[in-house]
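>>> Could you look at this predicted model? Sequence included:
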Amino acid sequence: MIDISLQNFEADLINASMQQPMLLDIWAPWCGPCKSLGPVLEKLEVAYAGRFKLAKLNSDDQPEISGQLSQMFGVRSIPFCVMFKDGQPVDGFVGALPEAEVRKFLDKHVPSTEDMAADEGVQEAQELLAEGDTDSALERLQEAVAINPGNDGARVDYLRALLAAGRVAEAPRVFDVVADRHMLDARLAACGYWLAACEKAATARSADALASAIASDKRDFDARFELAQTHFAAQRFTAAMDELLEIIMRDKGWSEELARKNYVAMLELMSKPATAKTEAAAPKGTLEVAGKMSAAPSDPVVDQYRRKLSMALF
């Protein structure tokens, strides 16, 4: 538990919520219901074992913060609790709710124990990959997916690590579990196209044969796509996109837009994770009750190939 003031609001609440959910309890010494809710929240912080952190704010001492949050949520009474995640106030509740109701609120916003364990495994795997220990990293990722099959982030990392290591035969059992979803996460969809390219590349014609076929007929889209697939499988993403762009410029809808879909998949694989978005500073003396919105860092190559696709399509 931590006490929040103007001095530590940004560091210990906004920024801290980028790492774990933060529940802010707005209370006052004279408030009877606050005295009954406080111990419940403190008990649950211990019971949830790091899945969220409790912060407390005395509304009498910090009227600027409590006032802005009350106005944001249309609340005029305390106790008032606000959940912060990823630098933003995302939900809240008013009044001294029973413990069971507070648990229901928390369970909507905090990671499960399975999520926590899976995320720890992913973090360990990333460190192992950075050290070049691919086998150990893949073991950690396999464990993370087994612990929480619904963790798409862990599944994406596992698929990417398998395909990057050339262990293509192991990837289908990881991807097939989610392949039939109606709305597939963009990162998982990109891994699916990468897997398909790896499987296709195993039986593709030689580069010379494909180049000869394309030289004879620039509209031999099957040969050009086959060449793009071999580049894609080998992680030569820009070379693959160059070939796909030639198809898109000549026939946007070829083979149910297969060229565009693979192109977009490679852009997804090349894109870096989102980070805090840099914005103009707030005027001096203005309290910001939310952090910066997240945005993917700019990558000149990715930006260039996004523009190329946009020009070809429109």
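Structure's in. What do you need?
>>> Helices along the protein, start to end?
For the chain, helices defined by DSSP state H occupy the ranges 9, 32-47, 63-73, 99-109, 113-130, 134-147, 152-164, 171-175, 186-201, 207-216, 221-233, 237-250, 254-270, 300-313.
>>> can you put those in a markdown table and add mean neighbour count?
Bear in mind the C-beta positions are built from the backbone N, C-alpha and C, glycine included. Written out in a markdown table, the entries for the helices of the chain read as follows (neighbours: other Cβ atoms under 10 Å):
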| stretch | mean neighbour count |
| --- | --- |
| helix 9 | 20 |
| helix 32-47 | 15 |
| helix 63-73 | 16 |
| helix 99-109 | 14 |
| helix 113-130 | 18 |
| helix 134-147 | 19 |
| helix 152-164 | 22 |
| helix 171-175 | 17 |
| helix 186-201 | 20 |
| helix 207-216 | 14 |
| helix 221-233 | 23 |
| helix 237-250 | 20 |
| helix 254-270 | 19 |
| helix 300-313 | 14 |
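>>> Mind putting those helices into JSON lines with distance to residue 90 and mean pLDDT?
Shown next, in JSON lines, are these (distance: least, Cβ to Cβ, whole Å; pLDDT from 0 to 100):
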{"stretch": "helix 9", "distance to residue 90": "17", "mean pLDDT": "94"}
{"stretch": "helix 32-47", "distance to residue 90": "17", "mean pLDDT": "96"}
{"stretch": "helix 63-73", "distance to residue 90": "11", "mean pLDDT": "91"}
{"stretch": "helix 99-109", "distance to residue 90": "7", "mean pLDDT": "95"}
{"stretch": "helix 113-130", "distance to residue 90": "17", "mean pLDDT": "90"}
{"stretch": "helix 134-147", "distance to residue 90": "25", "mean pLDDT": "94"}
{"stretch": "helix 152-164", "distance to residue 90": "19", "mean pLDDT": "95"}
{"stretch": "helix 171-175", "distance to residue 90": "31", "mean pLDDT": "97"}
{"stretch": "helix 186-201", "distance to residue 90": "22", "mean pLDDT": "96"}
{"stretch": "helix 207-216", "distance to residue 90": "51", "mean pLDDT": "96"}
{"stretch": "helix 221-233", "distance to residue 90": "38", "mean pLDDT": "98"}
{"stretch": "helix 237-250", "distance to residue 90": "35", "mean pLDDT": "97"}
{"stretch": "helix 254-270", "distance to residue 90": "26", "mean pLDDT": "97"}
{"stretch": "helix 300-313", "distance to residue 90": "29", "mean pLDDT": "95"}
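>>> Residue 85: which of these is closest?
Of all these, the one in closest proximity to residue 85, counting by Cβ to Cβ, is helix 99-109 (6.3 Å).
>>> what's next to the closest one, contact-wise?
21, 23, 40-41, 43-44, 48, 51-52, 81, 83, 85, 90-91, 93, 97 (Cβ atoms under 8 Å, 6 or more residues apart in numbering).
>>> before we move on, what about stretch 25-34?
Looking at stretch 25-34 with Cβ under 8 Å, 6+ apart, the contacting residues turn out to be 37-38, 41, 54-60, 66, 69-70, 78-82, 95-96.
>>> same deal with stretch 122-134?
Identification of contacts with stretch 122-134 by Cβ under 8 Å, 6+ apart yields 136-138, 140-141, 144, 153-154, 157, 161, 165.
>>> ok, residue 186 to residue 178 distance?
When distances are taken as Cβ to Cβ, to the nearest Å, residue 186 and residue 178 turn out to be 12 Å apart.
>>> same check, this time on residue 156
Shown here: residue 156 relative to residue 178, a distance of 10 Å by Cβ to Cβ.
>>> what sits in contact with each of the two?
Taking Cβ under 8 Å, 6+ apart as the contact rule, the neighbours common to residue 156 and residue 178 are 185, 188.
>>> circling back to that earlier point, quick one, which of the contacts of stretch 25-34 are buried?
37-38, 41, 54-59, 66, 69-70, 78-82, 96 (16 or more other Cβ atoms under 10 Å).
>>> Quick check: residue 241 touching residue 263?
Yes: with contact defined as Cβ atoms under 8 Å, residue 241 counts as touching residue 263 (5.4 Å).
>>> Overlap of the contact sets of the two?
Jointly contacting residue 241 and residue 263 under the rule Cβ under 8 Å, 6+ apart are residue 305.
>>> Tell me, how many residues neighbour residue 133?
For residue 133, the tally of surrounding residues (other Cβ atoms under 10 Å) stands at 14.
>>> Sounds good, over and out.
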